[in-house]
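1. Provide a 3D model corresponding to the input given below.
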Amino acid sequence: MVRRYCAHNRLNRLGTLTYRGAGCHDPFQLRRDVAQFFRTLRDLLGGQAFAYVWVPEWHTTDHGQHVHFAVGRFIARRSIERAWGHGFVHIKLLGHLPSGSTPRDEARVAARYLSKYVHKAFDARRVPGLHRYEVAQGFQPERVRLSGRSVEDVMAQAAEAMGAEPVEVWTSDEAIGWEGPPAVWAMWS
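-> The predicted structure follows:
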């Protein structure tokens with residue numbers, strides 16, 4: 001979901017929000033602070049809603065949590081600092097991609113980066129019921145349904161819709177002892 005949301009909304013700028021001092025160890029407080037951050041940022045940018053995604057991460061040290069986020073437009077660092085107010089900020093446009101790369105290609109890099117944090121295990125620090133990521137409401141991509149007479153037909157349609165061949169494909173035929181209906185999973189970079 002994070003990958004699709006980032007690519008759909010061309011979220012090609014990555015940022016980090018870090019607390020000063022002892023940090024934040026309360027996952028509920030972190031979520032309140034981040035919600036307020038995006039409300040304040042929206043106000044500072046003229047009140048217009050914009051797409052974003054954010055993912056919390058625990059520091060490897062005892063500094064608590066910080067937040068990684070992606071947006072799809074230029075936002076001045078001073079605006080981010082003003083909206084955050086809890087410590088340090090970092091933001092960068094994803095560059096250094098091959099010549100001819102598009103904002104969608106950049107967004108896919110952001111999506112891969114954020115997805116690794118979504119998949120990180122929070123172990124004992126994870127609070128059941130809290131989402132591992134959050135997105136701005138109203139920017140979800142529409143579901144695309146494909147149908148065809150064969151797996152190959154549907155995969156060709158998917159590759160055309162995605163603008164590229166998948167980088168990885170798994171089929172239930174590969175799973176020894178698979179007892180469910182035939183299944184295919186594909187991933188695009």
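
2. can you pull out the strands in the protein?
-> Under the criterion DSSP state E, strands of the chain are mapped to 13-19, 52-58, 65-71, 87-93, 134-135, 168-171, 184-187.

3. wait, which of these is closest to residue 110?
-> Among the strands of the chain, the nearest to residue 110 by Cβ to Cβ is strand 65-71 (4.4 Å). (Each C-beta comes from the backbone N, C-alpha and C, glycine too.)

4. quick check: mean pLDDT across the closest one?
-> Mean per-residue pLDDT for strand 65-71: 92.

5. repeat for stretch 30-44
-> Per-residue scores along stretch 30-44 average to 96.

6. and what of stretch 107-126?
-> Mean per-residue pLDDT for stretch 107-126: 68.

7. could you dump the strands of the chain into TSV with distance to residue 102 and mean neighbour count added?
-> Listed next are the strands of the chain as TSV, based on distance: least, Cβ to Cβ, whole Å; neighbours: other Cβ atoms under 10 Å:
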stretch	distance to residue 102	mean neighbour count
strand 13-19	15	20
strand 52-58	19	22
strand 65-71	16	24
strand 87-93	13	15
strand 134-135	21	18
strand 168-171	21	12
strand 184-187	19	12
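
8. measure residue 65 to residue 175 for me?
-> Per Cβ to Cβ, to the nearest Å, residue 65 is found 37 Å from residue 175.

9. typo on my end, residue 80
-> In terms of Cβ to Cβ, residue 80 sits 45 Å off from residue 175.

10. next one: the worst-scoring helix or strand of the chain on mean pLDDT to chain centre, how far?
-> None of the helices or strands of the chain scores lower by mean pLDDT, DSSP states H and E than helix 103-119, at a mean of 76. Distance, stretch centre to chain centre, for helix 103-119: 6 Å (Cα atoms, centre = their mean, to the nearest Å).
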